[in-house]
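Undergrad: What would the 3D arrangement of this be:
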Amino acid sequence: MAANKRYEGEDIVVLEGLEPVRKRPGMYIGGVGMAGLHHLIWEVVDNSIDEAMNGHATEISGTLHKDGRKITVS
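TA: Model (predicted):
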């Protein structure tokens, strides 16, 4: 039988900056497959609409690049 180990404060690892997103992307975008990609694209478009509605833009332009790996929103 394994010995019981107490969970202590020093067992907590604090990740800085974008490190937690890179380490566990599923926690932030729901997955690393098509569903996660869809979520990321939806967020970019939704945020762009919010910015336009708040008066920071008058036009939103989006491009899905031919390689299927990139989008550009401006």
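Undergrad: For residue 57, give its distance to residue 49.
TA: 9 Å (C-beta to C-beta, to the nearest Å). C-beta coordinates here come from the backbone N, C-alpha and C atoms, glycine included.
Undergrad: same question but for residue 17, I mixed them up
TA: With C-beta to C-beta as the criterion, residue 17 and residue 49 are 27 Å apart.
Undergrad: Please apply the same query to residue 39.
TA: 16 Å.
Undergrad: do the same with residue 15
TA: In terms of C-beta to C-beta, residue 15 sits 31 Å off from residue 49.
Undergrad: if we can go back for a sec, which neighbours do residue 57 and residue 49 have in common?
TA: Counting by C-beta atoms under 8 Å, 6 or more residues apart in numbering, no residue touches both residue 57 and residue 49.
Undergrad: could you say what helices and strands the longest helix seen in the chain packs with?
TA: Ordering each helix of the chain by length in residues (DSSP state H) puts helix 34-53 first. Contacts defined by 3 or more C-beta pairs under 8 Å, 6 or more residues apart in numbering; DSSP states H and E place helix 34-53 against helix 26-29, strand 71-73.
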